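Undergrad: just need the structure, nothing else, for what follows:
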Amino acid sequence: MSDDAPGRIRTPDQRLRIFVSSTLRELEPERRAVRGAIERLHLAPVMFELGARPHPPRDLYRAYLEQSDVFIGIYGERYGWIAPGEEISGLEDEYRLAPPAMPRLIYLREGASREPRLDALVARIEQDDAASYKGYDSPESLAELVEADLATLLAERFDAARQAPTATAPGIDLRAARAPAPYTRLIGREREVDRVLALLDDPANRLVTLVGPGGIGKSRLAIEVVRRAQERFPDGTAFVLLENVLEPELLLPTIGYALGIRDTGEMPIEQRLAIALEGRRMLIVLDNFEQLVAAAPTIVALFSAAPEVTFLVTSRTLLRVRGERVVDVPPLAAQDADAPDSIARARSSPAVELLAERAHAVKPDFAVTDANAEAVVGICRVLEGLPLALELAAARMRVLTPAAMLRRLDRQLPLLVDASRDLPPRQRTLRSTIEWSTGLLAEPERLALRDLSVFSPGFTLASVEALAALRGWQADVWTALETLVDSSLLEQDDVDGEAVFSMLQTVREHGVEQLQEAGEERAARDAHAAVYVDLARREGRGLGWADQLRAVARLNLERGNLRGAVRHLVSTGDAETVADVAWRLFLYWWVGGYLTEVPLWMEQVSDGAGDRSPRARAIATFYRCWRDMWIAPSHDIPAQLLEAAEQFAAGGDELGVAMTTATAGLAELSTPDPDLATATARVEEGARRFRAVGSGWGESLALVALGRASTLGGDLATAEERFRRAVEAAEGSGDRFAATVATHHLARVRLFGGDVDGAERLYVDALEGSVALRHDEGVAYGIEGLCAVAAERGEVERAGVLAGAAATIRKRTAAFDAEVFVFHTRYLAALAERADAGALREAEERGREYGVFEAAAYALAGVGASGVS
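TA: So this is what the prediction gives:
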């Protein structure tokens, strides 16, 4: 009760805060007893949690004192720890820092043998006229004393309040609406804080809303904004907690209570607020507004009544009123956007910093090391940078190593529980946080959210509409999506002009649980698979033609859902549909880097399936052989492919016959001791068959295989001619992908022939095409080619960086060329012999930290710097 005016008394929803000072471990039973006494009086204990850090920093307990009304000191035998650089213990410092007007209740353990410095402190306290002190003999008797003394103190203040004259005009007491003291520092929100402060600098922005899902850190961000915005608002700032206010009609009374403006019945609360706020330049924070959105127009009404007041709102949903400026609060970054696969760069990300700091608080020897960095980064990525999830995970670091935790995070909700007891119940676990948000939805939107949980991140409006039709939604699709986005349960991004939606993994997991409880998971996943089977069949037709870039871009928007749909079909044993989708999207799987994954799907359905059509068996054989000819080449693989060609022929699939025949020749070329004549004959037959069915992309790839055969035979002139024809065939059909493959090979033979500048121009063309397609393997090929060019020119730094970047891409995608065709390494080896090999290795290490498109940008920029057109 630090209020100087004795007539002030708070209502029950504005509880008095009681600061408790003592040593921690020595007086742990007393602290528990006092906490119970305070809470029985429905007051708020302000104290360090039992088992928390024994030596809190000075600014932390100062912040605790600033928000408190009564000081309770409990003293036993120990004087307490003196921090380095300090002359007194935190125990004495707390007593000294308590404001003079704050009531002080002191309790001394009887019979205690006090340390000398504690004895001196107690002697000073006994001379303090403002302090009341008593002895106690047990935690139980201490609790009785505290409860009785606080009750007496409240009664005295209440009597004083009754005798005080009634104010005729409402005043404002901002001490009753102070922002909660931050217990920890804010991490990774500099951009958002600056954005909000910039908005508040403009008087035209009267309402700024911080929007984000539960646990994202909106309230903590608002507290920081209040701290930084003090000078902007000369009449002060007020922080109004709304978490327990559920009725819209209580919004204004709650604001009034927070400002010390009481509804006495003499005039409507609206008028009292208008009178009190008139002419005041101040900031009012309304924290946790999501359950009061129906009262949003009330804030607009206050604009005209209080034209100098600015409102900062935290909410899981938009208010959707005029004048609202929205700041989306995103998850914390868990990686470097330019190099998302780099563990070294991710170690300095905000998510890792938060997890590490909170883990260190509960386990002082915790640190991010080279040994655990990959697991720590993995945790942050699985938890998608959600601050509450990271806090909960950090609390588990007392008993789990990062690697053990990462293994257990396949299901997050059961693991991430038991947050700090000072958090509201709805934020103590991720489950309760999500349930709070979904509980604010109408039933049609809840059912829609439940169905949407079967989507992987990244799905379009068209796919949602298709799913809704199959599932018989009662809600309008766009209205439901709009509500869920506004409620921060869905995220919406604009990707090349297309609205793409995603859902946090924790929300998705909760939705799947709801589907399971309702017995609807299988039906929802069947519908989801049907949506993407239809998408594959529609877009697959454009992959080999001029529509390829658009088709690839469309499939890329929902690549995770495509794979998820296929995996569901695999789990249900639908071998025919899996084979059909796999075959229609061959070029896309190749571009997307999934040609090592598709064979696994085919093997799984083969193991569990009964009778399958010849076509399905041929497709399964093709994908298995395509994988094996690169990682374990043998002469058995061409024979298996020719058998698959017969199965395609039996089913009348001429394109399949061409594909397997040409691939049989390519598989022969990949063996350590190829039969060049046989391999060439098979590829030539495949090329003729491709031409016969009008497949320019297939003919182009076959010609590339023929060119590779010529290269192995040392006939570079024939190889160059075949690669040139391959480029023409691909370009003639409009296929950008096959054109990049052919162009890369044409550049290779130009380089072998000594035309370094010409090779570089072709590598640039191939690399630009691969970037446009987002074809990681093609990017690696282009970078390797430019690496060889740089090495040939003696450019150590550039060659090394490009070599390291390409190696990282290869490792991540597991896409490697056959050993006999790897060529850039010999240029690097020659460079190392005539230049500084150590500098080359250092450059390679730097390159390993590049992301795929960052590396491509580096490669292309270097070409421009060299003056090559």
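
Undergrad: which stretches in the stretch 1-150 of the chain count as strands?
TA: Under the criterion DSSP state E, counting those that start in this stretch, the stretch 1-150 of the chain carries strands at the ranges 17-21, 44-46, 70-75, 104-109, 131-136.

Undergrad: before we move on, what about the chain?
TA: With strands called from DSSP state E, the chain shows them at 17-21, 44-46, 70-75, 104-109, 131-136, 207-211, 237-241, 283-287, 310-315, 324-328, 459-460, 491-495, 498-502.

Undergrad: what is the neighbour count of R525?
TA: One way to gauge burial is a neighbour count; for R525, by other CB atoms under 10 Å, it gives 20. The way it works is simple: take the backbone N, C-alpha and C, and place the C-beta from them, glycine included.

Undergrad: er, F19 actually
TA: When neighbours are counted by other CB under 10 Å, F19 comes out with 24.

Undergrad: in this structure it contacts V70, no?
TA: Yes - at 6.9 Å, F19 counts as touching V70 under the criterion of CB atoms under 8 Å.

Undergrad: would you tell me which of the strands of the chain gets closest to L666?
TA: Of all those, it is strand 491-495 that lies closest to L666, at 35.1 Å by CB to CB.

Undergrad: give me the domain ranges for this structure.
TA: Domain segmentation of the chain under automatic domain parsing yields 17-163, 174-328, 343-420, 431-519, 776-865.

Undergrad: quick one: the first one to chain centroid distance?
TA: The chain centre lies 42 Å from the centre of domain 17-163; the measure is CA atoms, centre = their mean, to the nearest Å.

Undergrad: quick one: the helices in the stretch 651-800 of the chain, in order.
TA: When secondary structure is read from DSSP state H, counting those that start in this stretch, the stretch 651-800 of the chain shows helices at 654-669, 676-692, 696-712, 716-733, 736-752, 756-773, 776-792, 796-813.

Undergrad: the closest residue to E147 other than its chain neighbours and Y107: what is the separation?
TA: Counting by CB to CB, 6 or more residues apart in numbering, the nearest residue to E147 once its immediate chain neighbours are dropped is A37, at 4.2 Å. To Y107, A37 is 11 Å away according to CB to CB, to the nearest Å.

Undergrad: the residue nearest to A772 when sequence neighbours are not counted: neighbouring residues, count only.
TA: Among residues not flanking A772 along the chain, L549 sits closest, at 6.4 Å (CB to CB, 6+ apart). Neighbour count for L549, taken as other CB under 10 Å: 16.

Undergrad: now S634
TA: For S634, the number of neighbouring residues by other CB under 10 Å comes to 14.

Undergrad: all numbers from here: first residue = 8
TA: Sounds good: first residue 8 from here, last item S641.

Undergrad: any idea how far it is from V829?
TA: 19 Å.

Undergrad: that older thread, quickly list what's touching both of A44 and Y114.
TA: Residues touching both A44 and Y114 (CB atoms under 8 Å, 6 or more residues apart in numbering): V153.

Undergrad: quick one, helices of the stretch 108-257 of the chain?
TA: Applying DSSP H, counting those that start in this stretch to the stretch 108-257 of the chain gives helices spanning 123-133, 146-170, 197-208, 225-235.

Undergrad: what helices or strands is the last one leaning on?
TA: Right, helix 225-235. helix 197-208, strand 214-218, strand 244-248, strand 290-294, strand 317-322 (3 or more CB pairs under 8 Å, 6 or more residues apart in numbering; DSSP states H and E).

Undergrad: kindly recompute the last result at 7 Å.
TA: Where contact means 3 or more CB pairs under 7 Å, 6 or more residues apart in numbering; DSSP states H and E, helix 225-235 is packed against helix 197-208, strand 214-218, strand 290-294, strand 317-322.

Undergrad: let me have these in CSV, adding mean neighbour count, distance to L491 and mean pLDDT as columns.
TA: Formatted as CSV, those follow (neighbours: other CB atoms under 10 Å; distance: least, CB to CB, whole Å; pLDDT from 0 to 100):
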stretch, mean neighbour count, distance to L491, mean pLDDT
helix 197-208, 16, 22, 95
strand 214-218, 24, 13, 95
strand 290-294, 24, 22, 94
strand 317-322, 25, 14, 94
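
Undergrad: which one of those lies nearest to G789?
TA: helix 197-208 (33.8 Å).

Undergrad: now find how far off-centre that closest one is within its chain.
TA: Counting by CA atoms, centre = their mean, helix 197-208 is centred 22 Å from the centre of its parent chain.

Undergrad: now for this protein, the helix or strand with the poorest mean pLDDT.
TA: Every helix and strand in the chain was compared by mean pLDDT, DSSP states H and E; the lowest is helix 65-73, with a mean of 67.

Undergrad: pLDDT score for Q654?
TA: As predicted, Q654 sits at a pLDDT of 93.

Undergrad: correction: the previous question concerned M609.
TA: As summarised for this prediction, M609 has a pLDDT of 86.

Undergrad: what does stretch 597-612 contact?
TA: Counting by CB atoms under 7 Å, 6 or more residues apart in numbering, the neighbours of stretch 597-612 from elsewhere in the structure are 559, 566, 573, 577, 580, 582, 585-586, 589, 596, 626-627, 630-631, 633-634, 744, 780, 782-784, 820-822.

Undergrad: picking up where we left off before, turn the domains of the chain into TSV, including distance to E727.
TA: Compiled in TSV, the domains of the chain are given as follows (distance: least, CB to CB, whole Å):
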stretch	distance to E727
domain 24-170	71
domain 181-335	52
domain 350-427	41
domain 438-526	37
domain 783-872	15
